[in-house]
Every structure is written in C-alpha cells, then in structure tokens.
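what shape does this take:
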Amino acid sequence: MTILVAIILVALIFDFLNGFHDAANSIATVVSTRVLSPQVAVVWAAFFNFVAAFVLGTHVAKTIGKGMIDLAVVSEEVILAGLVGAIFWNLVTWYYGIPVSSSHALVGGYAGAAISKAGFGALLLSGWIKPLLFIVVAPVLGLILGLTLSILVTWIFRRWHPHRLDRFFRRGQLVSAAAYSLGHGGNDAQKTMGIITGLLVAAGKLDEFEVPLWVILISHFAIAMGTLFGGWRIVKTMGSKITKLQPMGGFCAESAGALTIVGATLGGIPVSTTHTITGAIMGVGATRRLSAVKWGVAGRIVWAWILTIPIAAAVAWLAYPAAQMLLR
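Prediction:
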C-alpha cells in the first residue's frame, strides 16, 4: 500500500509539472495582449483547469489507461518508470523554454517502460492510431481554425473603430482563455487519471477500469495547482517569439485551440494542447503575412515535438530495471 501511494504521488507530481509546463499555453496569449496580468491570468486558467473535472468526462483517461498498453503488462514498476521518463523530458524542455507536449512525454514514457518489461507486444497497436495521427492533425487543425477565424472575424468587424475593436476583444479574450483552459484541463488531467486508474487495476484495488471520483478530483486539482504556479520560461516563446498578437488575434487563437481540444477530448483522443495552441497562434499570425510568423522558432519547436515520444520512451526503458530494483 505504501508503494502504491508513493507512485500515485509521483503521478500527481507529473500532473503538477504538466500544469506548470503548460501554464504558458493557457495564459501566453492573454498575457502577451495585456488583457490580464500574469498573476491574474494564472488564477483564471487554474480555475477553469479544475472546473473541467465536472464537464468533460473521462473518455481520454480510458484511452490512455486501457487502450494503448495491455493492462496485463501494467505494474507498479512500469508506471513508475513511465512517469520518470515523462518527468525527465518535461523538466529538460521547461528549463530550455521549449513548449513541448507533456501528453506525448507521458505516452512515450508509458510505452517505453512497457516495452522494457514485455517487448513491443505490450503495445495495443490499434489504440495508437488516433493519438499518433493527432500529433499532426491537432496543430494543423489549430492552424486552419486560427487562420479561418482570424479571416472571418477581420471581415465581420472590418468597419469597427480600432479602439472599440480592441476593447471588445479584450473582453472576448476572457471567454476564449477560459474555454481554452477548460479544454486544457479536461484533456491533460485525464491522462494522469488514466495512469492512476491503470495502476489501481494492476494492484487489484479496482475490478474494472472505471475512474473513481477521488482520482478525477485530485488529478484536476494537481494540474490546476501546477498552472497556478506557472511555467514562466515558456510564456515568452508562446506569447511573442512565434508571432506578435493583438486582442483580436489572441481571441481567435484561443478559440481555435479550445474548439480543437474540447472536440478531441469528447472523442476520447489524447492530444497535445501545446501543439494545438502553437498551431493556432501560427495560423493567426499568418493572416497578416507569412513573414509575421517566425518560422525558425516554429521549426525548433517542431523538432522538439518529434523527439518527445522517443526520448521519454528511451529514458523510461532505461528506468524500468532501476524501478524493479527499487520496488523489490
């Protein structure tokens, strides 16, 4: 029981770091447009991260927990090693200010640990199709929606005075930032829920894979607290290094990100909120001119995305034997 509790705590540390790392995704646009101060923005985002516990269900948790890895292979050692791989990559990318996917780090770590224990047969290949496909689909969809919304909104409000337009979208960004944070909390907290519930099934504490209410609440609380403390190193990259945003652009980017993430969450698809909002910001920037997007920065971010699953998996693969020795 002590080991089980300790591993759940490690999972919650990952969840906290997920919120900490991804805080920039939730607040970068609303902070860079100066609609909210960073201190108020993180409280706003954290609140809606937690509210998502009562809105968006557990579809993603079930995909992560029982749809990608054979539950017969899952053990305390596999979970612990998988979390080590994910946490390692999260900390490295946070230190260098690179907005990568905590979700894909977790998926990669989980897979790497399972492969270390039982080989590639531990993977349920059919369950990997949508998550791997959406590594590409989510940012592209975010980009297309960001581009489309930006063009549409610009045309609709083309006769408005700039001052009135700015004031209107400053208020609008409060709604779009809340919607984005709701989607972020809903999709990302569920990944930790899936890991914890899989652990409880493997330990014989649950007869079937159903996420308990207490797991839902602590997972959302942990990610909300991580967001509250914030990953400030990444805010600058997300808010200004990719492209400069005004309130109207921030509204369009957050709305595009929210639509993509909430849709994926209701469909049980674990997506990268980081990839999605980055794509949306790039789409909004491209409506002004292609040169408004700093493609060199975007290119370095994409390389980090490509490396996330393999590196987290490799670290977890190496960590599994150490976890076996530690938990004997």
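
now for the helix or strand containing M225, which elements pack on it?
Using DSSP states H and E, M225 falls within helix 213-229. Packing contacts for helix 213-229, counted by 3 or more CB pairs under 8 Å, 6 or more residues apart in numbering; DSSP states H and E, involve helix 2-32, helix 38-51, helix 162-202. Bear in mind the C-beta positions are built from the backbone N, C-alpha and C, glycine included.

which positions within the second one qualify as buried?
Read that as helix 38-51. By neighbour count on 16 or more other CB atoms under 10 Å, the buried set for helix 38-51 is 38, 41-42, 44-51.

what two of the residues you listed are the furthest from one another?
Using CB to CB, the two most remote members of these are P38 and V51, lying 20.5 Å apart.

L125 - how many residues pack around it?
Around L125 there are 10 other residues, counting by other CB atoms under 10 Å.

which residue packs closest to V10, ignoring adjacent ones?
Distance criterion CB to CB, 6 or more residues apart in numbering; nearest residue to V10, sequence neighbours excluded, is L83 at 5.0 Å.

thinking again about what came up before, redo the buried residues of helix 38-51 as JSON lines? Include distance to V107 and pLDDT.
What follows is these, written out as JSON lines (distance: CB to CB, whole Å; pLDDT from 0 to 100):
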{"residue": "P38", "distance to V107": "30", "pLDDT": "74"}
{"residue": "A41", "distance to V107": "28", "pLDDT": "81"}
{"residue": "V42", "distance to V107": "26", "pLDDT": "81"}
{"residue": "W44", "distance to V107": "28", "pLDDT": "88"}
{"residue": "A45", "distance to V107": "23", "pLDDT": "86"}
{"residue": "A46", "distance to V107": "24", "pLDDT": "89"}
{"residue": "F47", "distance to V107": "27", "pLDDT": "92"}
{"residue": "F48", "distance to V107": "24", "pLDDT": "92"}
{"residue": "N49", "distance to V107": "20", "pLDDT": "92"}
{"residue": "F50", "distance to V107": "23", "pLDDT": "93"}
{"residue": "V51", "distance to V107": "25", "pLDDT": "93"}
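
against G142, how distant is the residue nearest to V10?
L83 is 27 Å from G142, where distance means CB to CB, to the nearest Å.

contact partners for V153?
248, 251-252 (CB atoms under 8 Å, 6 or more residues apart in numbering).

switch the cut-off to 10 Å
By CB atoms under 10 Å, 6 or more residues apart in numbering, V153 lies in contact with 165, 169, 172, 248-249, 251-252, 255, 284, 287.

again, but for V215
For V215, the contact set (CB under 10 Å, 6+ apart) comprises 8, 11, 58, 61, 189, 192-197, 199-200, 206.

where among the helices and strands packed on helix 213-229 is the average confidence lowest?
Of all the helices and strands packed on helix 213-229, the minimum mean pLDDT falls on helix 2-32 (a mean of 82).

roughly how far is that helix from the heart of the chain?
9 Å (CA atoms, centre = their mean, to the nearest Å).

same question for stretch 69-88.
19 Å.

switch to numbering from 659
Shifting the count to begin at 659 puts that one at stretch 727-746.

what about the residue nearest to H933 when sequence neighbours are not counted, how many neighbours?
Excluding the flanking residues, the one nearest H933 by CB to CB, 6+ apart is P797, at 4.2 Å. Using other CB under 10 Å, the number of residues around P797 comes to 28.

repeat for A835
By other CB under 10 Å, 29 other residues sit near A835.

kindly report the same for the one 5 residues further on.
Around L840 there are 24 other residues, counting by other CB under 10 Å.

just checking, it touches D846?
No: counting by CB atoms under 10 Å, L840 stays clear of D846, with 11.3 Å between them.

anything in contact with each of those two?
Residues touching both L840 and D846 by CB under 10 Å, 6+ apart: 707, 710, 919, 923.

ok, the second one - contacts?
With CB under 10 Å, 6+ apart as the criterion, the residues that contact A710 are 839-848, 874, 878, 881-882, 920, 923.

where does this structure dip in pLDDT?
Under the criterion pLDDT under 70, the flagged ranges of the chain are 659, 681-684, 757, 888-903, 946-963.

so how far is V693 from I666?
Separation of I666 from V693 (CB to CB): 37 Å.

of those two, which one has the most company?
Using other CB under 10 Å, the more surrounded residue of I666 and V693 is V693, with 23 against 19.

so who does the more buried one touch?
Shown in contact with V693 (CB under 10 Å, 6+ apart): 687, 699, 702, 824, 827-832, 834-835, 905, 908-909.

pop out the phi and psi values for it.
With angles defined as degrees, to the nearest 10, V693 sits at phi -70, psi -40.

and V929, by the same measure?
Main-chain dihedrals, V929, degrees, to the nearest 10: phi -120, psi 170.

burial count for it?
The local packing of V929 (other CB under 10 Å) involves 29 other residues.

residue contacts, it?
V929 makes contact with 718, 759, 761-762, 788-789, 792-793, 795-797, 799-800, 841, 845-846, 918-919, 921-923 under the criterion CB under 10 Å, 6+ apart.

from G785, how far out is the residue lying closest to A776 once chain neighbours are set aside?
In space, and not counting its chain neighbours, A776 is closest to V731: 4.6 Å by CB to CB, 6+ apart. Shown here: V731 relative to G785, a distance of 13 Å by CB to CB.

right, I'll leave it there.
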